[in-house]
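Participant: Next comes the sequence, and after it the predicted model I'd like to discuss.
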Amino acid sequence: MPTRSIYLETFGCQMNELDSELVAGQLRSLGYTFTPDQGAADIVLYNTCSVREQAEQKVWSRLGEMKKRKAADPSLVVGVLGCLAERDGHGLMDRMPVVDLMCGPGELDKLPALLDNAVRTRESLAADDPKRAGLRSARLAALQGNSSRRSGTLAAAEDSLELLDLSRSVSPVDVHDGARRSAYVRITRGCNKFCTYCVVPFTRGAEIHRPPNHVVDECKRLADAGVIEITLLGQTVNHYRFELDAALEVDGVVQPQKGRTYKGSHNRDSLAGDRVTTFADLLYRIHEEVPAIKRLRFVTSYPRDFGDDVLEVMRDSPRICRYLHAPAQSGSDSVLARMNRGYSIAEYDEFLDRARHFLHEPEKGRPLMLSGDIIVGFPGETDDDFALTIDLLKRSRYKNCFIFKYSPRPGTVAYDKIPDDVPEQVKRTRNNDLLAVQAEISDSISRQQIGRTFDVYIEGPSKAERKRQGLSKSDIRKAGQVAITVGGHSLEDDLSFSGKGVSGGTGFQPADSGRAGLRPASDTIQLSGRTDGDLIVFIDVPRAQAEILTGSIVPVRITDADRLSLFGELP
Ligand code: 5AD
Ligand code: SF4
């Protein structure tokens, strides 16, 4: 088979970014190549998100754009991967005949077979009768279906999706010429929470936890390949729990384990012993067994069931970041109850207080940084409820907060049972009001850092610097230029997080240094990096130093602050 080139575009969350990376590694090992030029690709794949309507709409418009291309090139294969495929099911293919294949996030291990099939079918149709090629070739889909949440059969069957994670290729080639130093590692898949507004439990299935040895080994392999920063991923990472005595092996591979009803407490999990790995244990193991990982962080924390054991491990482990992403979603108890969040605002406040008590040490250059998610305009949200959310924001003092207008998602409880009764105009106003409140908080947190010294992980030239140099995001180290590719989790992604990481939201985010544009072209280069609390820092360094500093962690003294961006210098 001649080499086929793939254009793969990813929408939505970090989990999707990781899925895309794993899928790309697997397809590459099968002989496919990847191109950033959609027009030159034989196969176009969209890894989609359906958490919010806006994210979905982007995909629909991409698929619309594909119609013309496909008419001109009947052998083109178009595939929809991820949550939208799972949620919309075969209806998606009816609506969009341009789509040849669909693959849900729980079935990505089947993608190579589907793709092979789709390519062959399209090519034979196009060769036999170009007119027929305009018709849909076959319904090629691998979907879990809502009723058969995959892990329901885990006890009986091999979880082949685990093999996709295990097969992760971390060869130097994949880590971009050795320049890549930051990576995601999945610890749990799926979610059992069933918040009434959320599609994730339906699209990603039930919560399951990966065997701790698989996670630790993956971290080691990444470290061996030059990675120094790892972000552990899960919808509710703090629910991680793996019981060795219940572990199942298939063909010598330990299988992931179903999440159980979590009975967390503030104290060290009394049930846990040598035979159980809790989230605290897992963090500790990675920290101790993979010291080459200089930064270990995790997202997302569920604000309940977060034990002191995790906070203690964070406090006592210097390479674990003082950063928590703990979405509150609303500041009103009655809204939280309708959302089925399972905690009260008093409990949420208690959690943040406890986290600060353990982890907030600004005098040591280690303040605790928090970030949050809020949904405005959830059904029934009154002006009083909204005022409580503003109060929550003021108390919580997130460094940044992603703010979303509620959008009803088909298949969720809220979609079926709770009428979307807050007018769009009200949602928009509340969204803007919250953004303004958060902007002030972010600004003041930023200014508090002036005069402090932080260890900063230098990612490479800032966005403004790259613009000035005419470099694209994917440019890699070239002779005489500075390495800018940092891998899956680049600063640029963070900077556009509201549009990319969690598309559709309007999180208050820093503007990449506006003032960089004012600087005259000189022998200095502006680099950007992050503190362990995920604050973004810019430093100007001599051109000759830029390459050496990129990818390393260096102390930086903060001299100025501009909204969320910090500006500093090497001491
Ligand atoms: N409408 C708006 N925001 C939503 N989120 C999840 N579902 C919806 C929805 N239906 C937001 C939540 C979640 C983040 C990833 O997306 O704030 O934390
Ligand atoms: Fe969705 Fe709630 Fe699970 Fe988060 S915890 S993924 S919001 S159901």
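Facilitator: In hand now; what should we look at? Ligands and ions are numbered 1, 2, ... in the order given.

Participant: Pull the contacting residues for the one residue in the stretch 51-200 of the chain that gets nearest to ligand 1.
Facilitator: Using CB to the nearest ligand atom, the closest approach of the stretch 51-200 of the chain to ligand 1 is made by Tyr197 at 4.0 Å. Just so you know, the C-beta spots here come from the backbone N, C-alpha and C atoms, and that holds for glycine as well. Residues in contact with Tyr197 (CB atoms under 8 Å, 6 or more residues apart in numbering) are 339, 375, 378, 406, 408-409, 412, 414.

Participant: go with 6 Å
Facilitator: 412, 414 (CB atoms under 6 Å, 6 or more residues apart in numbering).

Participant: Doesn't it belong to a strand?
Facilitator: No. Counting by DSSP: H, G, I helix; E, B strand; the rest coil, Tyr197 is not part of a strand but coil.

Participant: Sort out which residues of stretch 203-223 are buried, please.
Facilitator: For stretch 203-223, burial by neighbour count (16 or more other CB atoms under 10 Å) applies to 203-212, 214-216, 218-223.

Participant: Confirm that Asn238 sits in a helix.
Facilitator: Yes. Under three-state DSSP, Asn238 falls within a helix.

Participant: what's the burial count for it?
Facilitator: 25 (other CB atoms under 10 Å).

Participant: List the residues that contact it.
Facilitator: 279, 301-302, 305-306.

Participant: ok, the nearest residue to Glu207 once chain neighbours are set aside to Asp281 distance?
Facilitator: Spatially, and ignoring its direct neighbours in sequence, Glu207 is nearest to Gly259 (3.3 Å; CB to CB, 6 or more residues apart in numbering). Counting by CB to CB, to the nearest Å, the gap between Gly259 and Asp281 amounts to 16 Å.

Participant: so which strand or helix has Asp420?
Facilitator: In the assignment (DSSP states H and E), Asp420 maps to no helix and no strand.

Participant: tell me the SS of the nearest residue to it once chain neighbours are set aside?
Facilitator: Ranked by CB to CB, 6+ apart and with sequence neighbours excluded, the top spatial neighbour of Asp420 is Pro408, at 4.8 Å. Three-state assignment for Pro408 (three-state DSSP): coil.

Participant: What degree of burial does Val310 show, as a neighbour count?
Facilitator: Val310: 29 neighbours (other CB under 10 Å).

Participant: tell me the contacts of the closest residue to it other than its chain neighbours?
Facilitator: Spatially, and ignoring its direct neighbours in sequence, Val310 is nearest to Ala280 (4.5 Å; CB to CB, 6+ apart). Neighbouring residues of Ala280 by CB under 6 Å, 6+ apart: 309-310, 313.

Participant: Tell me the helix or strand right after the host helix or strand of Gln425.
Facilitator: For Gln425, the host element (DSSP H and E) is helix 424-448. With elements assigned by DSSP H and E, the helix or strand that comes after helix 424-448 is strand 453-461.

Participant: Quickly find the element holding whichever residue of the stretch 251-400 of the chain sits closest to ligand 1.
Facilitator: Among all residues of the stretch 251-400 of the chain, Asp373 sits closest to ligand 1, at 3.5 Å; criterion: CB to the nearest ligand atom. Using DSSP H and E, Asp373 falls within strand 369-376.

Participant: quick one, that strand and helix 424-448 angle?
Facilitator: If you take axes from the mean of the first three to the mean of the last three CA atoms, to 10 degrees, strand 369-376 sits at 170 degrees to helix 424-448.

Participant: other SSEs contacting strand 369-376?
Facilitator: Using 3 or more CB pairs under 6 Å, 6 or more residues apart in numbering; DSSP states H and E, the elements in contact with strand 369-376 are strand 323-325, strand 400-405, helix 424-448.

Participant: Run through who's touching that strand.
Facilitator: Counting by CB under 6 Å, 6+ apart, 323-325, 327-329, 398-406, 427, 430-431, 533-534 sit against strand 369-376.

Participant: Narrow those to those that are buried.
Facilitator: 323-325, 327-329, 398-406, 427, 430-431, 533-534.

Participant: Now do stretch 442-451: distance to the chain's middle.
Facilitator: Computed by CA atoms, centre = their mean, to the nearest Å, the chain-centroid distance of stretch 442-451 equals 26 Å.

Participant: could you give the mean pLDDT of that stretch?
Facilitator: For stretch 442-451, the mean pLDDT works out to 95.

Participant: likewise stretch 79-91?
Facilitator: 89.

Participant: distance between the ends of that stretch?
Facilitator: 14 Å (CA to CA, to the nearest Å).

Participant: Numbering from 9 from now on, please.
Facilitator: Yep, numbering from 9; the last one is stretch 87-99 now.

Participant: Tell me which residues of it come out buried.
Facilitator: 87-97.

Participant: contact partners of that stretch?
Facilitator: By CB under 6 Å, 6+ apart, stretch 87-99 touches 24, 53-58, 64, 67, 107, 109-113, 151, 207, 211, 419.

Participant: Now the buried members of the residues you listed.
Facilitator: Buried among the contacts of stretch 87-99 by 16+ other CB under 10 Å: 24, 53-58, 64, 67, 107, 109-113, 151, 207, 211, 419.

Participant: Now, these that are in strands?
Facilitator: 53-56, 109-111 (DSSP state E).

Participant: Just give me the neighbour total for Lys302.
Facilitator: 18.

Participant: ok, the residue nearest the centre of the chain - contacts?
Facilitator: Of all residues in the chain, the one closest to the mean position by CA atoms, centre = their mean is Gln22, 1.5 Å from it. Contact partners of Gln22, counting by CB under 6 Å, 6+ apart, are 192, 241.

Participant: any idea how far it lies from His333?
Facilitator: 10 Å.

Participant: can you check His368 too?
Facilitator: His368 is 16 Å from His333, by CB to CB.
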